[in-house]
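[1] A structural model of the following input is requested.
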Amino acid sequence: GEAKHEFWRVVEQCTRPGAGLPEQKPRYLMGVGYPLDIVICVALGVDMFDCVYPCRTARFGTALVRSGQLRLTSAEFANDFRPL
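    Coordinates of the predicted model:
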């Protein structure tokens, strides 16, 4: 991946109101690696992501929720089938 400052330069270039990608079209972003970056990019107008972080994290038993990360590997969730 590129340096963080390059990542944010491209995000800004694509989401800048009036000068970025068309607002009526979906905005797709690759390579986001941190939950906070995903949240910030959504706030800036990114609609879709292609990144391994959420899938890899889920594969190891952690869900990303509004309050942060929820570890689902503990016994308390063994028979809990409610939506997250």
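[2] same for the helix or strand where His5 lies, what does it pack against?
    According to DSSP states H and E, His5 maps onto helix 4-15. The contact analysis (3 or more Cβ pairs under 8 Å, 6 or more residues apart in numbering; DSSP states H and E) places helix 4-15 against helix 35-44. C-beta here means a position set from N, CA and C on the backbone, and glycine is covered the same way.
[3] show me the contact partners of the helix or strand following the helix it packs on.
    Sequence order places strand 48-50 as the next helix or strand after helix 35-44, per DSSP H and E. Residues outside strand 48-50 that contact it (Cβ atoms under 8 Å, 6 or more residues apart in numbering): Pro26, Arg27, Tyr28, Leu29, Met30, Gly31, Val32, Ile38, Cys41.
[4] quick one: mean pLDDT for strand 48-50?
    For strand 48-50, mean pLDDT rounds to 87.
[5] export the contacts of strand 48-50 as TSV, with columns for distance to Cys14 and secondary structure.
    Converted to TSV, the contacts of strand 48-50 look like this (distance: Cβ to Cβ, whole Å; DSSP: H, G, I helix; E, B strand; the rest coil):
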residue	distance to Cys14	secondary structure
Pro26	11	coil
Arg27	6	coil
Tyr28	9	strand
Leu29	8	strand
Met30	11	strand
Gly31	13	coil
Val32	13	coil
Ile38	15	helix
Cys41	10	helix
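[6] and the least confident of those?
    Scoring those by pLDDT puts Gly31 last, at 81.
[7] wait, it sits on Phe7?
    Yes: between Gly31 and Phe7 there is a contact under Cβ atoms under 8 Å: 7.4 Å.
[8] could you find the closest non-adjacent residue to the residue nearest the centre of the chain?
    Nearest residue to the geometric centre of the chain (Cα atoms, centre = their mean): Ile38, 3.1 Å. Computed as Cβ to Cβ, 6 or more residues apart in numbering, the closest residue to Ile38 that is not its neighbour in sequence is Val32, at 5.3 Å.
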